[in-house]
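Q: next one to model:
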Amino acid sequence: MDFYYPGKGKTGDLPPRPWVADTYHKKLFDNMPSVEMTILVGKYAMTHYLQHSMKKNLTETVRSFSEYLPLYFPIVHPSPLNFRWQQKNPWFKQDVLPVLRTKIAEILSLDEE
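A: You can find the predicted model right below:
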């Protein structure tokens with residue numbers, strides 16, 4: 001969502017600067033017309049891109065990842081701060097990550113043709 005790490009806050013990382021996405025993301029995507037899927041990493045990306053179609057929380061949004069395909073694939077941020085979340089939600093590694101790997105492999109193999 002930003003182009004640099006904003007630093008630590010009291011309860012985790014500081015949020016990305018909102019003006020960065022508003023100013024630059026559309027310009028970047030306009031210059032990458034063949035993007036087939038955007039991986040939304042973390043709550044800030046989900047909030048920005050999914051807006052009102054998000055579920056009641058991050059967990060439910062990630063669990064419902066298939067509803068956002070093929071354009072978006074929401075995942076939890078792979079930060080050490082989220083290891084507890086991943087332990088509490090084993091379905092993420094079992095059900096979500098294999099689909100993500102498959103989707104990425106499909107997209108990359110299309111690029112090779």
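
Q: all helices of the chain, in order?
A: Assigned by DSSP state H, the chain shows helices spanning 18-20, 26-30, 43-50, 58-63, 83-88, 91, 97-112.

Q: from the chain's centroid, how far away is the longest one?
A: Taking the mean of its C-alpha atoms, helix 97-112 sits 16 Å from the chain's own mean (C-alpha atoms, centre = their mean, to the nearest Å).

Q: quick one: contacts of it?
A: 36, 37, 39, 65, 66, 69, 70, 73, 75 (C-beta atoms under 8 Å, 6 or more residues apart in numbering). (Each C-beta comes from the backbone N, C-alpha and C, glycine too.)

Q: nearest to residue 9 among those residues?
A: Residue 9 lies nearest to residue 75 out of these, by C-beta to C-beta, at 21.5 Å.

Q: what about stretch 57-72, average pLDDT?
A: Across stretch 57-72, pLDDT averages out at 97.

Q: alpha carbons only: can I get that stretch in PDB?
A: Extracted in PDB, the C-alpha atoms of stretch 57-72 (Å, rounded to 0.1, in the frame of the first residue of the first chain):
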ATOM      1  CA  ASN A  57     -13.300  -8.800   9.700                       C
ATOM      2  CA  LEU A  58     -10.000  -9.800   8.200                       C
ATOM      3  CA  THR A  59     -10.500 -13.500   9.100                       C
ATOM      4  CA  GLU A  60     -13.800 -13.800   7.300                       C
ATOM      5  CA  THR A  61     -12.600 -11.800   4.300                       C
ATOM      6  CA  VAL A  62      -9.600 -14.200   3.900                       C
ATOM      7  CA  ARG A  63     -11.800 -17.200   4.500                       C
ATOM      8  CA  SER A  64     -14.100 -15.900   1.600                       C
ATOM      9  CA  PHE A  65     -11.200 -15.400  -0.700                       C
ATOM     10  CA  SER A  66     -12.900 -17.200  -3.600                       C
ATOM     11  CA  GLU A  67     -15.600 -14.500  -3.700                       C
ATOM     12  CA  TYR A  68     -13.000 -11.900  -4.800                       C
ATOM     13  CA  LEU A  69     -11.400 -14.000  -7.500                       C
ATOM     14  CA  PRO A  70     -10.200 -13.600 -10.200                       C
ATOM     15  CA  LEU A  71      -9.400  -9.900  -9.700                       C
ATOM     16  CA  TYR A  72      -8.300 -10.000  -6.000                       C
END
